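In: quick one: sequence plus predicted model below, questions after.
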Amino acid sequence: MHPYLLLSLYCGYKFDILNQTLFFDKEQIALTKKELLFLDLLIKNSKRAVKYDEFSNYVWDGYMSEDALRSIVRELRKKMSKQSIKNISGIGYQINLAG
């Protein structure tokens, strides 16, 4: 792993941009395809909130239920931390990068 390809996330998590993998303490964290797409979209747009319709198009190819979106967020927060993904009310979600 090249350090310049690792993006530091909240609470010591790291995302390998090249290999699309999530790590914590050098341990890889298994992600589903949709979780990976969701996280990838957040990371690519880390400076802003990603809108709900962007998730719908990028992760679900156009149709996404609110329950499906909440489920992905809930599962990712379990695998990372509750504070790793911020909900921006009425807009979407934003990744919480390491400060």
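Out: Now that the structure is in, tell me what you want to look at.
In: least confident secondary structure element in this structure?
Out: When each helix and strand of the chain is scored by mean pLDDT, DSSP states H and E, strand 6-8 comes last, with a mean of 87.
In: give the partner strands of the very next helix or strand once past that one in its sheet and their orientations.
Out: As assigned by DSSP states H and E, the chain's next helix or strand after strand 6-8 is strand 13-16. Here strand 13-16 has these sheet partners by DSSP bridges: strand 6-8 (antiparallel), strand 21-24 (antiparallel).
In: any idea which of those strands gets closest to residue 78?
Out: Evaluated over the strands paired with strand 13-16, closeness to residue 78 peaks at strand 21-24, with 12.5 Å, by Cβ to Cβ. Using the backbone N, CA and C atoms, a C-beta is placed for each residue, glycine as well.
In: show me what secondary structure element comes after that closest one.
Out: strand 27-29.
In: and the contacts of that next one?
Out: Contact with strand 27-29 is made by 13, 21, 22, 23, 79, 80, as judged by Cβ atoms under 8 Å, 6 or more residues apart in numbering.
In: swap the cut-off to 7 Å and go again
Out: For strand 27-29, contacts defined as Cβ atoms under 7 Å, 6 or more residues apart in numbering pick out 21, 22, 23, 79.
In: nearest to residue 44, of these?
Out: residue 22 (14.6 Å).
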